[in-house]
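[1] Return a 3D structure for these sequence lines:
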Amino acid sequence: MTGRWSLPALSDGELAPEFMAPTRANPRFHFNTVAGRYVLLGFLPPAGPAREAALADLAVHRARFNDHELTGFLVVSDTDFEVAPADLIPGLRVFLDPAREVRAAYGVETGWFLLAPG
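    As a prediction, the model looks like this:
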């Protein structure tokens, strides 16, 4: 991805931390169920100009997110889905992380992780 953010450090071959968080479709979505494909995991800033800029950077690549070769998940600290960005099916879904547990597991506040299958 190009844009204002860089990828946080994860070593090649390091397993991504597993977690469970609510999505619009599943209040107990287990992230390990998306294994086997490329996944972009984006940790968005709070609602406002910085989040809008991150979403604009992502929109340039929207056509690549088809749920076969690439799936994207956006992690937001919002407390409900009314203020969170919309899911864009296929390919992009939103996790709520109001307690910041997912952020803590990945050691970031904002940024992108591109996770590879295998």
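[2] who does the worst-scoring helix or strand of the chain on mean pLDDT touch, helix- and strand-wise?
    Counting by mean pLDDT, DSSP states H and E, the chain has its least confident helix or strand at strand 111-115, which shows a mean of 91. Applying 3 or more CB pairs under 8 Å, 6 or more residues apart in numbering; DSSP states H and E, one finds that strand 111-115 contacts strand 38-43. (Glycine included, C-beta is placed from N, CA and C.)
[3] Note down every partner strand of the strand it packs on and its orientation.
    Strand pairing for strand 38-43, using DSSP bridges, gives strand 70-76 (parallel), strand 111-115 (antiparallel).
[4] Name the residues of the least confident helix or strand of the chain that are buried.
    Gly111, Trp112, Phe113, Leu115 (16 or more other CB atoms under 10 Å).
[5] from the residues you listed, which is closest to Asn66?
    For the buried residues of strand 111-115, the closest approach to Asn66 (CB to CB) belongs to Leu115, at 16.2 Å.
[6] Tell me the bridge partners for the nearest residue to the closest one once chain neighbours are set aside.
    Of all residues not flanking Leu115 in the chain, Val39 sits nearest, at 4.4 Å (CB to CB, 6 or more residues apart in numbering). On the basis of DSSP bridges, Val39 is bridged to Thr71, Leu115.
[7] which strands and helices sit next to the longest helix belonging to the chain?
    For the chain, the longest helix by residue count, based on DSSP state H, is helix 49-59. Applying 3+ CB pairs under 8 Å, 6+ apart, we find helix 49-59 packed against strand 70-76.
[8] what's the distance between Thr79 and Ala47?
    For Thr79, the distance to Ala47 equals 11 Å [CB to CB, to the nearest Å].
[9] Next: Val102.
    Taking CB to CB, one finds Val102 at 17 Å from Ala47.
[10] The two: who's more crowded?
    Val102 (22 against 14; other CB atoms under 10 Å).
[11] I figured the more buried one hits Ala21, correct?
    Yes. Counting by CB atoms under 8 Å, Val102 touches Ala21, with 5.7 Å between them.
[12] what about the closest residue to Phe113 other than its chain neighbours, distance to Glu101?
    In this structure, Phe113 finds its nearest non-sequential neighbour in Leu41, 4.4 Å apart by CB to CB, 6+ apart. Here the distance between Leu41 and Glu101 works out to 14 Å (CB to CB).
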